[in-house]
Each structure stands twice: as structure tokens, then as C-alpha cells.
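Undergrad: sequence first, predicted coordinates after that:
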There are 2 protein chains.
Amino acid sequence: MEKPAKIADVAEAAGVSIMSVSRALRGIEGVSEATRARILAAAEDLGYVPSRLAGALAGSTSTLVCISVPTLFDAVFAEIIGGMRETLARAGLETIIETSDYDPAREAAWVARMVEWSPAALVLSGVDHAPRTVERLRGARMPVMELWDVAEDPVDLNVGVDHRDLGRRMGAHLAGLGYRRPAYVGITPGRDPRAEKRAAGLAEAFAEAGASLQQARVDAPPSFEAGRDGAHLALGLSPRPDVLCFVNDHLAFGGLAACDAAGLSAPEDIGVVGFNGLNINNVLPRRLTTTATPRVVMGKAAARLLVAALRGVRAERRLAMPARLEPGETTRPQA
Amino acid sequence: MEKPAKIADVAEAAGVSIMSVSRALRGIEGVSEATRARILAAAEDLGYVPSRLAGALAGSTSTLVCISVPTLFDAVFAEIIGGMRETLARAGLETIIETSDYDPAREAAWVARMVEWSPAALVLSGVDHAPRTVERLRGARMPVMELWDVAEDPVDLNVGVDHRDLGRRMGAHLAGLGYRRPAYVGITPGRDPRAEKRAAGLAEAFAEAGASLQQARVDAPPSFEAGRDGAHLALGLSPRPDVLCFVNDHLAFGGLAACDAAGLSAPEDIGVVGFNGLNINNVLPRRLTTTATPRVVMGKAAARLLVAALRGVRAERRLAMPARLEPGETTRPQA
DNA sequence: GTTATGTTTGTTACCGGTAACAGTCCAAGC
DNA sequence: GCTTGGACTGTTACCGGTAACAAACATAAC
């Protein structure tokens, strides 16, 4: 097994200097057509594979964008990533993805590891990080993007939606419909900061209407099953809730199933609400009342800002994306 | 903004040579406790961040495992990745994920890009790759894992389930129940090779029972909506199918909704079948007839084999995982 | 024919580490 | 006192590229 060809081997084979090979392969001008052709042929012939490690080290030009998301099981993050990827790929950037499982400590460890690769940029989900992480990020020599949530004082770049406002608007809408015994159904507090903000917004809006928000929490990852279990818990609360606000549409669907099983149908017997407008909603016989958040567009916008920042282009650094309330058929005006 | 500290700065600050710093930071023995402590303090003090680029280049020791999956929207791949990650992380390996969107050309381009990073290993989904890709992989100097499907002649390592066999078993089961006008509902042929294998298995088994498998194809990514649209197509076939076999449980759920909307309920009026035992099944009022594939376990097993291969440990290189047929309540014996 | 100018090519000095091979130092053994 | 050997620490030569500058060459202008 012979050793892989390096740039010097190509240079020798083509009868030129190493620098000419480097230039020819990178498409940098300053190499005559004839020489370039000879070099390309030699490289092809030797099966030459350039080493990015060496390239990045010498040129201090990284093409690595590191992205941290809480989980890949939530379509929200898959969509955001999908939106970013295309734009980033077009700019010649690789993406490396980590899942933190909603654990700030894991996120912190990841940041520490990633900076060792001298990436072009870091992308984190949300704006709530461990203090150590924030400190490290502020000292980082690369653009940092906080995505999906908005902050008063972001580390650097920030694109997201205002989850608290979303919760408040949903709460106001429901209160307006006449619901007065609302319950929030979510997972263990502290796991998902965005969810907590939506819950806080809901509570605020209902409080203004003179109603208090009960809570049912399941200690599990967000899932259909968690929605089912959470609904069971919520239905056992007293007073029995007249509307269940699930952390997202997946839980809402699980909850809907649980309500059905308990002989309660929405919207007749109970209101059911989700968040994030997930696509299961498109096939349900009755559309969930939910919110629409532009995840793919958000990803694209974030990627655009990031690329601009990397190119040193002067551009906005913060972007609050619009989100819509989508009244569905699982809630209705109360008597 | 001063330049980031490098190993030489730490060495100077601690009053030792560069090599001692290198050794101390990597925990290699041969450094006295006193010196090590002094070095660690100096490194901490300077906020020293080692460069992996330089380290990997000099030491030719990569910790990067590159993983390609078709999509992150299918929980199947999120679960496989989840299973692998933990084991890989414990072995000190980073993972970098790419989505090929079921496109062999994108996969090929990805392989070409990734080898430039001299990764520790490559992981691909499935065993059907572009010829160029296979060629490059066979010539690669690192372990290559093909995951989720099984091959007669894998490139290197291989862990997966036999999708054709799964299709055949499902077909035999349905034929045994008395279904004779089966239809397969999937996405555009050629996009998902595993799905095609399941379809082929179904067709075979039904052929043995003297029935022929009709097909309904939707040109869209696999999703709830595709299932709904596919079901509409399938219900328009003649003869009208007595059982719809969806490419996976998500499409099956979309199809179930479409059947309901058309006034057909399963299993009374029509049989509905999925694949892959996705977790939506856990909250449905009637469980889908489906198959259970051990994705998380598969990911773990794959990671284990990979780590063994990287350590040069002699271990098996191929593993066919067991898969179970799970009869549900959306099919029943036919008159 | 000579000088100015631009294009192509080569040289040298790193980028920030690690492997392999010396030294150096000191206590133990003869 | 003079080896001997082990525990530390340092030196040198890379790993595989790129940036910056210098040289060679050709063409155009005077």
C-alpha cells in the first residue's frame, strides 16, 4: 500500500513547483492554461486528494460551520438545519452537527471541543446557555449565531422568533374565545427554554383575563407519547381544564388521541392547542389550533447573515422573524 | 486583539520545552507532577486552546467520523444516529453529519469532500451507491460502514436489516390473512432503495399467493402528506385495493386519515399497513400493522464495530439485525 | 535597443502541532 | 568512584499545505 500522493508528488509529476500546483488546483489565477492542464492531469493521474487539515492550518481559512441543536427528533430543528445547509453549502461551507439533548453542560463541552477545530462559525440553538459557554463564545474569534429564539443581548448574530410573545398571543386568543381553565402540557421544566417562554406567555395572557394556567409535566423527551401521558395528567387536574395547550403539535396530537380515548372530543368537549405548525397538522381531520413559525426561512436567513458576516460584509446582526397564530378546528368560542 | 496563545507561548510561560507541554496536555506519562501542574496552570492562565488541525496533521490521528444519511426528517435516521453517537462519543470520536436527500450524486460529492479531511471512518446509509463512490470507498484508507441495509458484498463493514425479506414476510402475512388486491404506496421509484426492496419483497410474496401488487407513487419527500396523497391515488386504482402497504408508518398514518376522509375505515373496509414501527403508532387508537426494526440498537452495534475496527481489534464485519413483524389492528382476516 | 510593465513561476518562511530520537540528571549497584 | 538504568526533558525533522515576496520571462512603449 503506497502512501497517498501529496502536493509535492503532483508537482514533480507535472514538472512544476509546489506553488503552481497549489494555485492550479485552487483555481487561483496566475497559472498559464497549458501548465494548469498539465497539473490537473497529473493530479487526476495520481489520484491526488488535497488535505484540508494542512490547507486550513496553513491558510487559516476554515470552511467548517458547527451547529448545535437540542435534538434531531423534533422536525423544527431538522427544518432549520435544512434551511441553513443549502445556503451554507453554496458558500462552500461544511456543516457539522451536534445534538445537546437540551443539556447546557453538553452544549458547553461541545463549544469547548469545537473551537479546537478553528471553525468558520458556531451556531447554537436558543439564547440560554451556561455562563461559561457565553463567556467562551464572547471571546471567540469567529461569528456566533444564536438561532430559533431572540435575545435582548445576543452574543453576536441572532435570528429567531419571540416565543414569549407567541405564547402571549395564543393565550390572548384563547382567553378571547372564552376559555378560562387553561392547562399547559409540557415536559420537565428547564429542559426546553423556548417551551418555558411560551408557557410564560400563555400564563401572562390568561392572567390578564383573570384565569390561571395549570401545568401538567411529563418527564420524557417531547414525543407523541409524552402528549398522550401529559393529557392524562392534565385531565386529572382540578378544576378540569377546558383547554389543553401542548408544547408542540406532536404532543398535541398524542393528547388529542388520549382525549378521544377518554371520550372527549375537541373542540366540543375540550380545546386542544399546539405550537410550531408541524406537518402532521396537514393530514388531521380537524386542524389543530397552533402557531406557524418559518423554520426553513429562518435557517436560510441565518445562513445568509452568517455568510455575510464571514465575508466581512456589513449587514444586520439581529433578525426577529414573524410568526403567525393559526386558529384551527380544535378550539371554538365558549358559551 | 492579541493572537491566540499557541503551545510555544505556554511552553515559555511555564519555562519548559514545547514537547513537555504537548505531553502534559495530552496526559502522556513522562512528565513530573510538578512540571505538569506548572504547565496546566500556564495553559489555563493563557486561555490556551490546542489546535486540532495541527494535531491531526502532525499526528495523523483523526477523531472525525463522517456520517451520511438521506434525510433527518425520517425518525429512522435520527434514531440510528442517536444510537451511534453515544458509543462514538465515548470513544472520543466526533461525528459530522450530511444529508444526501436520497441523491447518489450528492452522496458521491460528499464522499469526495470528506476524504479530504482524513476522517477516522465513513458511515453511509444503505448499500446502493454510485459506482464512482464505491470505487473511492474501496480505495479509502479508513473503515467504511454501510448501515441500515444489508449487502452480499459490502465495501467494508455492514450492519443492517434485510428489507426485501421484511417485505416478503409482510406480504406472506397479508396473503395469509386473505388479502388479494394489495397496493404499494410509496414515493418516486429510485429515491429510496430500501423502500424498493420492501416493495419487491411484498410483490414476490403476493405473487406466490397468486396476487399481483399494484403501485401508487407520489413524487414528494416521505411525509404524512405523501401518505394522504398516495392513498387517494391508490383508492382510484382498479381493481380497488383491499390493502394498502405504505412505505412507512408516517405515510400510513397520512393514508389512514385519507381513508377515513373517504369514508373507509381500517380494518373493516380496507387494510392499512406500514413499515418501521415509528412511534406515532404508540398513540393511535388502532395500532398499525407494521414491522419493528431495531434502529437505536443498530446504531450502537455499528458504532461498536467501527470502534473495534479503528482499534484494530479483530471483530465481525457484518451484522444482520433481526426485524419483527408486528400485526396490528388495521388488518384482519378476510372472508 | 533599452526600459517599463505585466504575467507566470519559484523560493522561503511559516501554520501549530507530534514522533522519534537524543540528552541530562540522579539514585542504585558493584 | 564508576557504571548502569530509569525518569524526565529537550532537539530535530517532519505533517501537507499557503502567504508573501522574489525572480524570470515576455510583451509593449519609447
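TA: Structure's in. What do you need? Numbering: from 1, shown residues only, chains lettered A, B, ... in the order given.

Undergrad: who's in contact with the residue most central in space within chain A?
TA: With distances taken as CA atoms, centre = their mean, the residue of chain A nearest its centroid is residue A:77 (3.9 Å). Shown in contact with residue A:77 (CB atoms under 8 Å, 6 or more residues apart in numbering or on different chains): A:69-71, A:125, A:148. No exception for glycine: its C-beta is placed from N, CA and C like everyone else's.

Undergrad: looking at these, spot the one nearest residue B:299.
TA: Nearest to residue B:299 among those, counting by CB to CB, is residue A:71 at 14.9 Å.

Undergrad: let me know the pLDDT of the closest one.
TA: Note on residue A:71: pLDDT of 91.

Undergrad: okay, now it: neighbour count?
TA: For residue A:71, the neighbour count with other CB atoms under 10 Å in any protein chain shown is 18.

Undergrad: for it, what are its contacts?
TA: Contact analysis of residue A:71 by CB under 8 Å, 6+ apart lists A:77, A:99, A:101-102, A:221-222, B:78.

Undergrad: how about these, which pair is most distant?
TA: A:102 and B:78 (14.9 Å).

Undergrad: still on that earlier bit, keep only those of the contacts of residue A:77 that are in strands.
TA: Among those, DSSP state E puts A:69, A:125, A:148 in strands.

Undergrad: which one of these is nearest residue B:3?
TA: So of the ones in strands among the contacts of residue A:77, ranked by how close each gets to residue B:3 (CB to CB), first place is residue A:125, at 30.6 Å.

Undergrad: ok, how many other residues are close to that closest one?
TA: By other CB under 10 Å, the residues close to residue A:125 number 27.

Undergrad: quick check: bridge partners of it?
TA: residue A:147 (DSSP bridges).

Undergrad: pretty sure it sits against residue A:74.
TA: No. With contact defined as CB atoms under 8 Å, residue A:125 does not reach residue A:74; the gap is 10.2 Å.

Undergrad: mind listing the shared neighbours of these two?
TA: By CB under 8 Å, 6+ apart, no residue touches both residue A:125 and residue A:74.

Undergrad: returning to what we had before: any idea of the pLDDT on the residue nearest to the centre of chain A?
TA: At residue A:77, the model reports a pLDDT of 95.

Undergrad: could you check which helix or strand contains it?
TA: Per DSSP states H and E, residue A:77 falls inside helix A:75-90.

Undergrad: following element in sequence after that helix, please.
TA: strand A:94-99.

Undergrad: now that following strand and strand B:94-99, what's the angle there?
TA: Put simply, strand A:94-99 runs at 110 degrees to strand B:94-99, going by axes from the mean of the first three to the mean of the last three CA atoms, to 10 degrees.

Undergrad: just checking, what packs against the next helix or strand after strand A:94-99?
TA: Next along the chain after strand A:94-99, taking DSSP H and E as the criterion, comes helix A:104-115. Helices and strands touching helix A:104-115, by 3 or more CB pairs under 8 Å, 6 or more residues apart in numbering or on different chains; DSSP states H and E, are strand A:64-69, strand A:94-99, strand A:121-125, helix A:131-138.

Undergrad: dump the C-alpha coordinates for helix A:104-115 into CSV.
TA: C-alpha atoms of helix A:104-115 as CSV (Å, rounded to 0.1, in the frame of the first residue of the first chain):
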residue,chain,number,x,y,z
PRO,A,104,-26.4,23.1,28.8
ALA,A,105,-23.4,21.1,30.1
ARG,A,106,-23.2,19.1,26.9
GLU,A,107,-23.5,22.3,24.9
ALA,A,108,-20.7,23.8,26.9
ALA,A,109,-18.5,20.8,26.3
TRP,A,110,-19.3,20.9,22.7
VAL,A,111,-18.3,24.5,22.3
ALA,A,112,-15.0,23.8,24.1
ARG,A,113,-14.3,20.9,21.7
MET,A,114,-15.4,22.8,18.6
VAL,A,115,-13.3,25.8,19.0
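
Undergrad: compute the inter-axis angle for that helix and strand B:94-99.
TA: Using the same axes, to 10 degrees: helix A:104-115 against strand B:94-99 is 90 degrees.

Undergrad: helix A:104-115 near DNA strand C at all?
TA: No. Judged by CB under 7 Å from any atom of the strand, helix A:104-115 and DNA strand C are separated, with a smallest distance of 11.2 Å.

Undergrad: before we move on, back to that, quick one: which of the contacts of residue A:77 is nearest residue B:198?
TA: Looking across those and measuring by CB to CB, the closest to residue B:198 is residue A:71, at 27.4 Å.

Undergrad: the closest one and DNA strand D: what is the separation?
TA: Using CB to the nearest atom of the strand, to the nearest Å, one gets 37 Å for the distance from residue A:71 to DNA strand D.

Undergrad: circling back to that earlier point, just the buried residues of the helix holding residue A:77, please?
TA: Within helix A:75-90, the residues scored as buried using 16 or more other CB atoms under 10 Å in any protein chain shown are A:75-85, A:87-89.

Undergrad: which bits of the stretch 101-250 of chain A sit near chain B?
TA: A:113, A:115-118, A:139, A:141, A:223-225, A:227-228 (CB under 8 Å from any CB of the partner chain).

Undergrad: which of the residues you listed has the most neighbours?
TA: Taking other CB under 10 Å as the neighbour criterion, residue A:227 ranks highest of these with 32 neighbours.

Undergrad: quick one, what contacts the closest residue in space to it that isn't next to it in sequence?
TA: Spatial nearest neighbour of residue A:227, chain neighbours left out: residue A:254 (2.7 Å); criterion: CB to CB, 6 or more residues apart in numbering or on different chains. Neighbouring residues of residue A:254 by CB under 8 Å, 6+ apart: A:223-231, B:283.

Undergrad: can you give me the helices in the stretch 151-300 of chain A?
TA: Using DSSP state H, counting those that start in this stretch, the helices of the stretch 151-300 of chain A run over residues A:163-177, A:193-208, A:224-235, A:249-261, A:295-310.

Undergrad: what sits closest to residue A:116 if chain neighbours are left out?
TA: The shortest distance from residue A:116 to any non-neighbouring residue, by CB to CB, 6+ apart, is to residue B:52 (4.5 Å).

Undergrad: burial measure for the one you found, as a count.
TA: Residue B:52 has 23 nearby residues by other CB under 10 Å.

Undergrad: you'd agree it is up against residue A:119?
TA: No. With contact defined as CB under 8 Å, residue B:52 does not reach residue A:119; the gap is 10.2 Å.

Undergrad: residue A:146 and residue B:303, how far apart?
TA: 31 Å (CB to CB, to the nearest Å).

Undergrad: compare neighbour counts for the two and give me the winner.
TA: Ranked by neighbour count (other CB under 10 Å), residue A:146 and residue B:303 place residue B:303 first, with 28 against 25.

Undergrad: check contacts around that one.
TA: Residues near residue B:303 by CB under 8 Å, 6+ apart: B:83-88, B:91.

Undergrad: pLDDT check: weakest of those?
TA: Within those, lowest confidence goes to residue B:86 (88).

Undergrad: measure that residue to residue B:122 for me?
TA: From residue B:86 to residue B:122 the distance is 19 Å (CB to CB).

Undergrad: and if you look at residue A:328?
TA: For residue A:328, the distance to residue B:122 - CB to CB - is 45 Å.

Undergrad: enumerate the residues of chain A near DNA strand C.
TA: A:16-20, A:23, A:29-32, A:34-35, A:54, A:57-58, A:60.

Undergrad: the bottom helix or strand of chain A by mean pLDDT?
TA: Of all regular secondary-structure elements in chain A, judged by mean pLDDT, DSSP states H and E, the least confident is strand A:94-99 with a mean of 88.
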